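Participant: have a look at this fold, sequence not included:
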């Protein structure tokens, strides 16, 4: 063992250890020595011009410079020359541009265009109170909008002392609007719910009718002029809505809003299974195809069904069953636009609650 160590030490002293390499000098490696030798002896390359000034051919710095892939000088001794390059100078000037007063006026976050002053609440309320003249007259309880247009054309209406004959004229709630010399006042919006009895009509312009649903509304309790929303034929009973809010009435009766209606139908015979399926699938009537949105038997009695539809066609439920050979003995509407006749006897009516009115105005018809 001692002989091996002695032999190894002898070889290291003579440079024969590790492949007969020369012995190391303190602080300097052979690799560093070779690199220094090659650097001093190598010939000048074409790209070495990048490291010299154009005027005197002197090096750009004391230390060795290098060039990255984009051709930029990366030696810390050449920072002054690095900033003198045109592209770097332009970039620097571009950043300096935002520090100028005129640039801050353009790009500063606090120099955005001033917002327009919001209209005051009083101005918004004033705009909301402007209505068409025919609507103002209709809301006063004198007549309908169409009749009001005829009165306007004939010169029977004055606004603030002047005769108005132009249709589409708009007025404010506090304007002096007179019909035949009598001043009119806009009525507040009212909403009534009635459980319509049988043998009462819902039309307002039938002079030969003996019984009308309007006759059931007490003028002492409801002084405003209201009209029924939609129609129920004379023999149909159930939920019926009244209001003087023309905009809401138009939405509830327009087909695009798909207002949900449910009817309790009493037939003269049991509804067959194939006819049951046909109503759900769709049947062709003279005014187009129609189908039930939902259909079910009532209390396991096949002669009584509950049908849900969205269509507002005239006598649509009766015509659907008559097309299949059935006769309706009794038809009762139990649901309309989220309203029911719960706790409301036949022929009675009540004012809607604030919650019900809110739901209707929000469009929650179903």
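Facilitator: In hand now; what should we look at? Keep in mind that what you see is a predicted model, and the values were worked out from it rather than measured.
Participant: and the residue nearest to residue 287 when sequence neighbours are not counted, how many neighbours does it have?
Facilitator: Ranked by Cβ to Cβ, 6 or more residues apart in numbering and with sequence neighbours excluded, the top spatial neighbour of residue 287 is residue 313, at 6.5 Å. Quick note: C-beta positions are derived from backbone N, CA and C, even for glycine. By other Cβ atoms under 10 Å, the residues close to residue 313 number 14.
Participant: what ranges do the helices span in the chain?
Facilitator: Secondary structure of the chain, counting by DSSP state H: helices at 2-13, 17-20, 30-41, 79-83, 86-97, 101-107, 121-128, 133-139, 145-153, 246-253, 273-281, 316-323, 354-362.
Participant: which one of those helices has the lowest average pLDDT?
Facilitator: Mean pLDDT is lowest for helix 121-128 out of the helices of the chain, coming in at a mean of 44.
Participant: look up how far residue 195 lies from the nearest residue to residue 197 once chain neighbours are set aside.
Facilitator: Counting by Cβ to Cβ, 6+ apart, residue 347 is the residue found nearest to residue 197 once chain neighbours are left out, at 4.3 Å. From residue 347 over to residue 195 the distance is 7 Å, taken as Cβ to Cβ, to the nearest Å.
Participant: looking at the two, which one has more neighbours?
Facilitator: Between residue 347 and residue 195, residue 195 has the larger neighbour count (other Cβ under 10 Å), namely 23 against 14.
Participant: what's across from that one in the sheet?
Facilitator: Beta-bridge pairing for residue 195 (DSSP bridges): residue 239.
Participant: pull the contacting residues for residue 200.
Facilitator: By Cβ atoms under 8 Å, 6 or more residues apart in numbering, the residues touching residue 200 are 211-213, 215-216, 234.
Participant: show me which of the residues you listed are buried.
Facilitator: When these are checked for burial by 16 or more other Cβ atoms under 10 Å, the buried set is 213, 216.
Participant: mind putting the contacts of residue 200 into JSON lines with distance to residue 270?
Facilitator: Shown next, in JSON lines, are the contacts of residue 200 (distance: Cβ to Cβ, whole Å):
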{"residue": "211", "distance to residue 270": "33"}
{"residue": "212", "distance to residue 270": "36"}
{"residue": "213", "distance to residue 270": "33"}
{"residue": "215", "distance to residue 270": "38"}
{"residue": "216", "distance to residue 270": "35"}
{"residue": "234", "distance to residue 270": "27"}
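Participant: as a markdown table, the contacts of residue 200 with pLDDT would be great.
Facilitator: Shown next, in a markdown table, are those (pLDDT from 0 to 100):
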| residue | pLDDT |
| --- | --- |
| 211 | 88 |
| 212 | 90 |
| 213 | 92 |
| 215 | 90 |
| 216 | 93 |
| 234 | 91 |
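Participant: and stretch 135-145, what's buried?
Facilitator: 135-140, 142-144.
Participant: hang on, the earlier thing: the residue nearest to residue 287 contacts residue 261, doesn't it?
Facilitator: No: at 11.3 Å, residue 313 does not count as touching residue 261 under the criterion of Cβ atoms under 8 Å.
Participant: still on that earlier bit, from residue 228, how far off is the residue nearest to residue 197?
Facilitator: 14 Å.
Participant: next one: residue 278
Facilitator: 32 Å.
Participant: what do you get for residue 348?
Facilitator: Residue 348 is 15 Å from residue 228, by Cβ to Cβ.
Participant: which of the two has more neighbours?
Facilitator: Under the criterion of other Cβ under 10 Å, the comparison of residue 348 against residue 228 puts residue 228 first, with 21 against 13.
Participant: mind listing what that one touches?
Facilitator: Neighbour list for residue 228: 202, 204, 213, 240-242 [criterion: Cβ under 8 Å, 6+ apart].
Participant: let's go with 6 Å and repeat that
Facilitator: Taking Cβ atoms under 6 Å, 6 or more residues apart in numbering as the criterion, residue 228 is in contact with 202, 240, 242.
Participant: looking at those, which is nearest residue 287?
Facilitator: Closest to residue 287 out of the contacts of residue 228 is residue 202 (20.4 Å), distances taken as Cβ to Cβ.
Participant: wait, the closest one touches residue 230, no?
Facilitator: No: the criterion here is Cβ atoms under 6 Å, and residue 202 misses it with residue 230 at 7.8 Å.
Participant: and the two? Which one has more around it.
Facilitator: Neighbours were counted for residue 202 and for residue 230 using other Cβ under 10 Å; residue 202 has more, 22 against 16.
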